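Chemist: here is a sequence together with a model predicted from it:
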Amino acid sequence: MKLVGVAGSLLGAKTANAVEEVLNAAKSVDPEIETELVDLRNYEVEFVKGKPLSEYNEDTVKVISTILSADLLLFGTPVYQASIPGPLKNLFDHIPMGSFKSKVTGMITTAGSEKHYLVPEYALKPILTYLKGTVPLGNVFIHNSDFDEQNEIATPVVKTRIGNLAEEMILLQKSLSSRY
């Protein structure tokens, strides 16, 4: 089983570190799970222009192919202007409708205001369900104050929620996989 975590920010390290924490927690739950981090900071994903995927640059093809090859997915997003960032939305625009059918699609969010804790429910979850992903009941919201000076998660309760999310995602995916 392969879990791909996508860090949907082009700036900073908090979102990528949060996604990496979930990938590590998933390895603790199931040591045989294969994990991969797709950090959008490391790729030049082209803007969607309505062309076939094969006509985009190598980075765009690699990122989309990696996402489509996953058995389950985790999307990490910072909150900008009470929504997900444009590069993450652009990434979703490359993905064909229905591509996440029978795949668990988890969410982890980083933000500077507690008032943004519902952004994943209203901005990210509709996209994931449109693509036919199975979204776990739990998701993780991390306030900037939960990070230390090195942008590592420092709050124990957040780490517990991350572990719970990883466990729920794996259990759901195993259940879905046994049905199909």
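Modeler: Done, it's in.
Chemist: for residue 159, which non-adjacent residue is closest in space?
Modeler: Closest residue to residue 159 apart from its sequence neighbours, by CB to CB, 6 or more residues apart in numbering: residue 153 at 6.0 Å. Any C-beta I mention is one placed from the backbone N, CA and C, and that applies to glycine too.
Chemist: equivalent analysis for residue 35, please.
Modeler: residue 23 (4.1 Å).
Chemist: who's in contact with the lengthiest helix in the chain?
Modeler: If you go by DSSP state H, the chain has its longest helix at helix 156-179. For helix 156-179, the surrounding residues in contact (CB atoms under 8 Å, 6 or more residues apart in numbering) are 1, 3, 18, 21-22, 25-26, 28-30, 33, 71-72, 74, 102-104, 106, 108, 134, 136-140, 142, 146, 153.
Chemist: pLDDT below threshold where in the protein?
Modeler: Scanning the chain for pLDDT under 70 picks out 180.
Chemist: quick one: the helices in it?
Modeler: 14-29, 58-69, 86-94, 119, 125-130, 156-179.
Chemist: specify the beta-bridge partners of the residue most central in space within the chain.
Modeler: Central residue of the chain (CA atoms, centre = their mean): residue 75, 1.0 Å from the mean position. With DSSP bridges as the criterion, residue 75 is bridged to residue 6, residue 107.
Chemist: need the contact list for it.
Modeler: Contacts of residue 75 by CB under 8 Å, 6+ apart are 5-6, 8, 88, 105-108, 124, 128.
Chemist: try it again at 10 Å.
Modeler: 4-8, 15, 19, 38, 67, 84, 88, 91-92, 105-109, 120, 124-125, 127-128, 133, 135, 139 (CB atoms under 10 Å, 6 or more residues apart in numbering).
Chemist: equivalent analysis for residue 100, please.
Modeler: Residue 100 neighbours (CB under 10 Å, 6+ apart): 67-68, 70, 72-73, 127-135.
Chemist: about what we covered before: in a markdown table, list the helices of the chain along with mean neighbour count and distance to residue 42.
Modeler: A markdown table is the format used below for these (neighbours: other CB atoms under 10 Å; distance: least, CB to CB, whole Å):
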| stretch | mean neighbour count | distance to residue 42 |
| --- | --- | --- |
| helix 14-29 | 21 | 9 |
| helix 58-69 | 16 | 9 |
| helix 86-94 | 18 | 12 |
| helix 119 | 23 | 24 |
| helix 125-130 | 16 | 22 |
| helix 156-179 | 17 | 22 |
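Chemist: all set, thanks.
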